[in-house]
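S.K.: whatever this is, show me its structure:
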Amino acid sequence: LSIPPPLISRAFQELASGMMVFQNAIKITYFPFPFPYAQICDSLLAMHWLIVPFVTAQWVESPIWAAVFVFMQVFIVWSLN
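M.R.: The predicted structure is shown next:
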């Protein structure tokens, strides 16, 4: 290759560190997520989805704003899961 040695060395160094990070990410997938924890998270999300409209309706006078706030809250919390 007709590339200066410092540049090619740095390129190989970045490739090596990227492969190391990739291998560490693969290690994470070998451990399954605990089933009871996943079920608790889903049930808490469902409870939040059911309770938030009633609480937001008490805080906001306009039904349109209540719907917007409920959608935003529920969408953001479900997206984090």
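
S.K.: show me what contacts Ala66?
M.R.: Ala66 makes contacts with Pro53, Thr56, Ala57, Trp59, Val60, as judged by C-beta atoms under 8 Å, 6 or more residues apart in numbering. For the C-beta atoms, the positions are set from N, CA and C on the backbone; glycine is no exception.

S.K.: let's see if you can find the most crowded of those residues.
M.R.: In terms of neighbours by other C-beta atoms under 10 Å, the contacts of Ala66 top out with Thr56 at 19 neighbours.

S.K.: identify those among the contacts of Ala66 that sit within helices.
M.R.: Pro53, Thr56, Ala57, Trp59 (DSSP state H).

S.K.: which ones are touching the first one?
M.R.: Put plainly, it is Pro53. Here Pro53 is in contact with Ala66, Val70 (criterion: C-beta under 8 Å, 6+ apart).

S.K.: can we see that at 10 Å?
M.R.: If you count contacts by C-beta atoms under 10 Å, 6 or more residues apart in numbering, Pro53 has them with Ala66, Ala67, Phe69, Val70, Phe71, Gln73, Val74.

S.K.: distance-wise, check it relative to Ile76.
M.R.: Pro53 sits 15 Å away from Ile76, going by C-beta to C-beta, to the nearest Å.

S.K.: for the contacts of Ala66, give me JSON lines that also has distance to Met20 and pLDDT.
M.R.: Below are the contacts of Ala66 laid out as JSON lines (distance: C-beta to C-beta, whole Å; pLDDT from 0 to 100):
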{"residue": "Pro53", "distance to Met20": "47", "pLDDT": "92"}
{"residue": "Thr56", "distance to Met20": "47", "pLDDT": "92"}
{"residue": "Ala57", "distance to Met20": "52", "pLDDT": "90"}
{"residue": "Trp59", "distance to Met20": "49", "pLDDT": "92"}
{"residue": "Val60", "distance to Met20": "50", "pLDDT": "92"}
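
S.K.: adding distance to Leu45, write those residues out as a markdown table.
M.R.: Converted to a markdown table, these look like this (distance: C-beta to C-beta, whole Å):
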| residue | distance to Leu45 |
| --- | --- |
| Pro53 | 14 |
| Thr56 | 16 |
| Ala57 | 20 |
| Trp59 | 21 |
| Val60 | 22 |
